[in-house]
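*Asks:* any chance you can model this:
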Amino acid sequence: MDMKRIFVLIINLGVIFSAFAQDDPIVMHINGQPVPRSEFEYNYNKNNSEGVLDKKNIEEYAQLFVNYKLKVLAALDNHLDTLSSYQKEFRQYRDQQIRPLLIPQNAMEEECQKYYAQMLASLQGKELLQPSHIFIRVPQAATEDEQASAKAKIDSVYQEIKNGADFAELAKKVSQDPGSAARGGMLPWIGPNQTLKEFEDVAYKLEVGQVSEPFLSTVGYHIIKLMGKKPLESYDELKANIRRYLESQGLENQLATQVLDSLAQQSSPQKTVEEILDEETERLCAKDNELKYLVQEYHDGLLLFEECSRNVWEPASKDTTGLASYFKANKKKYAWKEPHFRGMVYYCKNAADVKAVKKCLKGVPEDKWTAKIREQFNKDSVTVRMERRLFKKGDNANVDVLALKDKSAKLNPLKDYPYASVVGKVLKKGPSEWTDISNQVVTDYQRMREDEYVEKLRKRYSFEIHEDVLKTVNNH
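*Replies:* You can find the predicted model right below:
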């Protein structure tokens with residue numbers, strides 16, 4: 001090849017690579033790793049779609065995305081992706097997306113048609129029937145007297161029908177098949193070999209609207225009224241229902257397993273199903289950016305959760321000293337407009353127990369109240385019922401009256417427990433301890449610790465947002 005042709009080839013390759021880079025330019029670098037615009041767009045559009053309450057503009061989201069990527073990077077540096085628990089969970093998520101894509105396009109259609117053909121063959125040229133029945137049970141070990149009683153009962157019902165009684169109303173009253181009785185005796189559509197032989201033999205001799213005489217099956221006596229008769233619907237009419245049914249039976253998973261087993265057996269050297277899945281994931285993701293970023297979202301999201309759980313959320317939730325200090329420093333933001341009551345409302349069967357409960361709990365820590373009452377009053381039977389928590393106005397009428405002194409409220413004792421009282425403390429301006437509103441304080445403290453953690457990551461790792469490319473997001 002002469003130098004001129006080589007030069008032209010190099011120029012052309014340069015144009016191709018340049019066009020590709022312009023097609024999907026790099027929107028940011030995270031510790032030297034490039035993030036293409038397509039990846040950022042996928043995440044931005046997914047997290048700022050219709051229905052999202054706290055939408056962000058592109059510049060705001062770019063900062064959040066940096067934080068996201070930094071947490072994932074920290075998780076990788078901590079080798080959390082090597083945990084067997086992580087790998088198992090990631091594969092479960094990933095395989096839900098990948099396995100269905102391995103099934104040949106016409107495989108589900110072929111299975112649906114095969115199932116319809118089996119349904120058609122099972123009818124043996126007969127129609128579908130919709131029977132309604134009245135049933136009187138005869139147990140297998142029934143005595144002669146019990147059998148005679150059941151026969152007399154079904155004969156009596158049949159006579160009522162002959163005299164003009166409404167079949168459905170009679171079924172509701174006397175039929176001993178509770179499922180169909182509630183529907184006036186109505187049963188689902190049936191075909192041959194789908195029910196008791198004695199039942200089927202009688203049903204297929206009836207015309208629509210006709211009522212059978214009483215007859216005995218292996219389980220008891222029946223009277224059938226035939227409500228409908230029809231041929232099996234066409235495949236096109238039943239196709240959607242058949243597909244839903246087969247999917248509910250795990251057909252999609254079975255077909256995917258067959259494909260994977262076949263690929264593994266044909267591979268040389270022999271590969272495991274997991275290795276085949278890894279290869280197929282790589283192949284499919286290379287062709288489909290949406291799929292690639294969805295799989296990456298699972299990968300990164302699970303890592304982020306593991307990283308934050310270990311280094312932020314769990315330590316913060318257990319840091320009682322830090323929680324108490326945080327609450328003390330931020331007490332004003334938890335102030336209340338109306339007083340709350342921290343304590344217990346309790347209900348007694350006996351008037352004498354009202355004072356006895358208060359006396360029993362004197363000097364006992366709040367977290368021991370329930371156990372103390374169980375020991376003193378409810379050992380043999382429940383004579384005192386209780387509810388212990390933080391109450392605001394409107395949560396409990398008895399607390400409103402007895403503790404919060406709301407004159408518009410009325411006492412509302414429990415049934416069989418006519419005496420209500422309270423024990424505890426009214427908090428007028430706000431919670432006195434962080435444990436009064438532990439869920440809220442823990443959440444706020446975790447958020448603060450997470451912000452601090454992110455600041456550390458921003459100092460540990462380098463990152464750069466390319467503003468010129470960011471301006472082209474969703475605008476190219």
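*Asks:* C-alpha from now on. contacts and neighbour counts both.
*Replies:* Noted.
*Asks:* residue 185 against residue 133, yeah?
*Replies:* Yes - the pair residue 185 / residue 133 is scored as a contact, 4.9 Å apart, by C-alpha atoms under 8 Å.
*Asks:* just the helices in the stretch 1-150 of the chain please.
*Replies:* Using DSSP state H, counting those that start in this stretch, the helices found in the stretch 1-150 of the chain span residues 3-23, 37-47, 58-77, 84-98, 107-122, 144-162.
*Asks:* from residue 244, how far off is residue 237?
*Replies:* Going from residue 237 to residue 244 by C-alpha to C-alpha, to the nearest Å gives 13 Å.
*Asks:* about what we covered before: overlap of the contact sets of residue 185 and residue 133?
*Replies:* Residues within reach of residue 185 and of residue 133 at once, by C-alpha atoms under 8 Å, 6 or more residues apart in numbering, are 171, 175.
*Asks:* please parse the protein into its domains.
*Replies:* Split into domains by automatic domain parsing, the chain comes to 1-77+288-332+438-476, 124-230, 336-429.
*Asks:* could those go into CSV alongside mean pLDDT, mean neighbour count and distance to residue 101?
*Replies:* Formatted as CSV, the domains of the chain follow (pLDDT from 0 to 100; neighbours: other C-alpha atoms under 10 Å; distance: least, C-alpha to C-alpha, whole Å):
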stretch, mean pLDDT, mean neighbour count, distance to residue 101
domain 1-77+288-332+438-476, 88, 15, 11
domain 124-230, 95, 17, 35
domain 336-429, 94, 16, 51
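*Asks:* may I have the longest helix anywhere in the chain as CSV, with CA atoms only?
*Replies:* For the chain, the helix with the greatest residue count under DSSP state H is helix 438-460. Presented in CSV, the C-alpha positions along helix 438-460 are these (Å, rounded to 0.1, in the frame of the first residue of the first chain):
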residue,chain,number,x,y,z
SER,A,438,-36.4,9.4,66.9
ASN,A,439,-37.4,8.6,63.3
GLN,A,440,-37.2,12.2,62.2
VAL,A,441,-34.0,12.9,64.1
VAL,A,442,-32.3,9.8,62.8
THR,A,443,-33.3,10.7,59.2
ASP,A,444,-32.0,14.2,59.5
TYR,A,445,-28.8,13.1,61.2
GLN,A,446,-28.1,10.5,58.5
ARG,A,447,-28.6,13.2,55.9
MET,A,448,-26.1,15.5,57.6
ARG,A,449,-23.6,12.6,57.9
GLU,A,450,-24.1,11.7,54.3
ASP,A,451,-23.4,15.3,53.2
GLU,A,452,-20.2,15.3,55.2
TYR,A,453,-19.2,12.0,53.7
VAL,A,454,-19.8,13.3,50.2
GLU,A,455,-17.6,16.3,50.9
LYS,A,456,-14.8,13.9,51.9
LEU,A,457,-15.2,12.0,48.7
ARG,A,458,-15.1,15.3,46.7
LYS,A,459,-11.7,16.0,48.3
ARG,A,460,-10.4,12.4,47.9
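*Asks:* hmm, who's touching stretch 185-198?
*Replies:* The contact list for stretch 185-198 (C-alpha under 8 Å, 6+ apart) reads 122-124, 126-134, 168, 171-172, 175, 180, 200, 216-218.
*Asks:* narrow those to those in strands?
*Replies:* The strands in this structure, assigned by DSSP state E, contain 128-134, 216 from these.
*Asks:* and residue 186, its phi and psi?
*Replies:* Main-chain dihedrals, residue 186, degrees, to the nearest 10: phi -70, psi 130.
*Asks:* again with the one 4 residues further on
*Replies:* Its backbone dihedrals place residue 190 at phi -130, psi 160, with angles given as degrees, to the nearest 10.
*Asks:* if it is in a bridge, with which residues?
*Replies:* Residue 190 has these beta-bridge partners by DSSP bridges: residue 129.
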